[in-house]
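Peer 1: Provided below are the primary sequence and the corresponding predicted coordinates.
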Amino acid sequence: MSREPLPRPRTPLTVGFDLDMTLIDSRPGIHAAYRALSAETGVHIDADLAVTRLGPPLEQELAHWFPDDRIQEMGDRYREIYPTYAIAPTLAMPGAREAVAAVRELGGRAIVVTAKHEPNAKLHLDHLGMEPDAVIGWLWAEAKAEALREHGARVYVGDHTGDVRGARTAGALSVAVPTGPCDEDELREAGADVVLPDLTAFPGWLAAYAEERA
């Protein structure tokens with residue numbers, strides 16, 4: 001028995017997604033990149049620890065391992081070696097492709113707004129065969145609202161309390177998944193409007209959301 005098509009929103013729906021630990025599990029790749037940077041510089045970096053706190057800009061993590069006057073240099077070097085070490089080991093999060101497809105099935109636009117170096121973010125998405133309508137990098141927490149507003153995003157999906165703050169600053173609905181460093185309680189306390197267990201639940205949630213808006 002064929003299913004009735006879902007009603008389309010009156011205006012195209014734009015949904016924003018975070019990247020690391022929302023759409024992609026970049027921990028293996030980032031771990032490898034930190035180990036390579038450590039080997040090259042001779043400076044100890046606890047890669048196991050670093051990958052437990054993904055989300056904020058790279059410089060915040062590098063500040064744990066390098067003096068202030070070397071952070072910019074090390075950030076530039078990390079981003080330079082990143083494609084060699086980090087792209088191939090990185091996997092799509094469960095439900096990521098289906099979540100982006102669900103937006104498209106409603107006639108909407110899916111964008112990625114991330115704190116990551118934008119060229120490297122695009123490399124990840126290309127490697128994994130995910131094709132959002134736009135990729136905007138170098139934005140963290142409240143600064144993500146700039147891109148969300150510019151693209152008219154009504155929903156922003158992320159795994160970090162910084163993503164919640166970005167959504168709320170933009171006036172977008174904050175949909176959170178506890179698949180990164182922040183648990184469900186932290187995300188709710190930060191003001192998330194919706195917390196899903198992971199992205200596999202997103203298409204069902206989005207269908208219900210679209211029906212309410214129709």
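Peer 2: Nice, I can see it.
Peer 1: So for residue 213, what pLDDT did the model give?
Peer 2: Note for residue 213: predicted pLDDT of 85.
Peer 1: before we move on, what about residue 12?
Peer 2: Predicted confidence (pLDDT) for residue 12: 87.
Peer 1: which residues touch the longest helix along the chain?
Peer 2: If you go by DSSP state H, the chain has its longest helix at helix 68-86. Contact with helix 68-86 is made by 26, 29-30, 32-37, 40-41, 58-59, 62-63, 66, 117, 120, 123, as judged by Cβ atoms under 8 Å, 6 or more residues apart in numbering. C-betas here are computed from N, CA, C, even on glycine.
Peer 1: In ChimeraX, select just the buried ones from these.
Peer 2: Of the contacts of helix 68-86, the buried ones can be selected in ChimeraX as follows, counting by 16 or more other Cβ atoms under 10 Å:
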select :26,29,30,32,33,34,36,37,58,62,66,117,120,123
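Peer 1: Show me how this protein divides into domains.
Peer 2: With domains defined by automatic domain parsing, the chain comprises 14-26+91-213, 27-86.
Peer 1: Among the ones you listed, show me which one is buried the most.
Peer 2: domain 14-26+91-213 (a mean of 20; mean count of other Cβ atoms under 10 Å).
Peer 1: now the strands: where do they sit in this protein?
Peer 2: Taking DSSP state E, the strands of the chain run over residues 14-17, 24-25, 91-92, 109-113, 134-136, 155-158, 173-176, 194-195.
Peer 1: elements contacting the helix or strand of the chain with the lowest mean pLDDT?
Peer 2: Across the helices and strands of the chain, the lowest-confidence element by mean pLDDT, DSSP states H and E is helix 202-213, at a mean of 95. Counting contacts by 3 or more Cβ pairs under 8 Å, 6 or more residues apart in numbering; DSSP states H and E, the secondary-structure elements packed against helix 202-213 are helix 96-105, strand 173-176.
Peer 1: Would you convert those into a markdown table that also reports mean pLDDT and distance to residue 166?
Peer 2: Output for the helices and strands packed on helix 202-213, formatted as a markdown table (pLDDT from 0 to 100; distance: least, Cβ to Cβ, whole Å):
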| stretch | mean pLDDT | distance to residue 166 |
| --- | --- | --- |
| helix 96-105 | 98 | 18 |
| strand 173-176 | 98 | 8 |
